[in-house]
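# below are the sequence and a predicted model for it; my questions follow.
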Amino acid sequence: EIADISLKDIDQLANSSFPLCMRHLFNRLREDHHLKHGGRMQLGLFLKGVGLRLEDALAFWRAEFSQKVGSERFEKEYAYTVRHNYGKEGKRTDYTPYSCQKIISFTPSVGDHHGCPYRHFSEDNLRAALSTMGIGGRAMDDVMDKVRNHHYQLACTLTFEAIHSSSCDTGINHPNQYFSQSRKLLS
Ligand code: SF4
């Protein structure tokens, strides 16, 4: 059972409870007012999974994209995908948010922001991103050690534990699981 989240809380929730993959997409979208298809899918399905209702999702994407492409083009070219993700267009499939395994397996190109930062960021970019989440010192070393050994989900789990000062015995295997465990600890 997922409680709906409100659009007005979304920035605060992104900052406190989104895993790095989603935080990155969210921040890029806020800054660039645009995301390519892979990013729109990865973030859009995640937001659906955390309980953002379709009307709020449309308002959220429209507010950003219309700054870049105008609201007419948003309605023509992008609103469809948002509704599609909620199963309201096309085959009416109810699309499921992506798991870590799936996200880690992506091969993002230049200009793409989807994927898993632990796998797809350069070491410098990853360190910088982790710093903005408050990771440093010993925790940073431990996370980077997991990354070097290609244990991306363990790196994410260690990040979760450091941020929440709490253990996460199940490990992180899904961005929406990261979110719900974070909400449980913080609310
Ligand atoms: Fe996202 Fe999973 Fe990568 Fe964490 S391990 S950043 S939740 S894809």
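Arrived safely.
# check the residue of the chain positioned farthest from its centre and give its pLDDT.
Largest separation from the mean C-alpha position in the chain: Glu72, at 26.5 Å (CA atoms, centre = their mean). pLDDT for Glu72: 96.
# spell out which parts of the protein neighbour the ligand.
Within the chain, the positions lying close to the ligand (CB under 6 Å from any ligand atom) are 19-21, 100, 103-104, 116-118, 152-153, 156, 172, 175, 178. Where C-beta positions appear, they are placed from N, C-alpha and C, glycine not excepted.
# in helices, which of these appear?
Using DSSP state H, the subset of the residues of the chain next to the ligand located in helices is 20-21, 100, 103-104, 117-118, 152-153, 156, 175, 178.
# quick one on the thing from earlier: after the helix or strand the residue farthest from the centre of the chain falls within, which helix or strand is next?
Taking DSSP states H and E as the definition, one finds Glu72 inside helix 71-73. Following helix 71-73 in sequence order, the next helix or strand is helix 79-85 (DSSP H and E).
# remind me what that next one packs against, helices and strands.
helix 37-50, helix 54-69 (3 or more CB pairs under 8 Å, 6 or more residues apart in numbering; DSSP states H and E).
# now do the longest one, average pLDDT.
Averaged across helix 54-69, the pLDDT comes to 96.
# tell me which residues of it are tucked away?
Neighbour counts over helix 54-69 (16 or more other CB atoms under 10 Å) mark 56-58, 60-62, 64-66 as buried.
# among those residues, which one sits closest to Lys36?
Phe65 (11.9 Å; CB to CB).
# quick one: contacts for the closest one?
With contacts defined as CB atoms under 8 Å, 6 or more residues apart in numbering, the neighbours of Phe65 are 33-34, 73-74, 78.
# returning to that earlier point: any idea how far the residue farthest from the centre of the chain is from the ligand?
34 Å (CB to the nearest ligand atom, to the nearest Å).
# cool, Gly49 as well?
For Gly49 relative to the ligand (CB to the nearest ligand atom), the value is 12 Å.
# state the distance from the residue nearest in space to the middle of the chain to Asn149.
In the chain, the residue lying closest to the centroid (CA atoms, centre = their mean) is Met22, at 1.5 Å. When distance is defined by CB to CB, to the nearest Å, Met22 is 24 Å away from Asn149.
# low-confidence ranges in the protein?
1-2, 92-94 (pLDDT under 70).
# is Cys168 in contact with Glu161, as I believe?
Yes: in terms of CB atoms under 8 Å, Cys168 counts as a neighbour of Glu161; the distance is 5.4 Å.
# quick check: nearest residue in space to Ser66, chain neighbours excluded?
Nearest residue to Ser66 in three dimensions, chain neighbours excluded: Phe74, at 5.0 Å (CB to CB, 6 or more residues apart in numbering).
# surely that neighbour meets Arg62?
Yes: shown here, Phe74 and Arg62 form a contact pair, counting by CB under 8 Å, at 5.4 Å.
# what is the neighbour count of Arg83?
Per other CB atoms under 10 Å, the neighbour tally for Arg83 reads 15.
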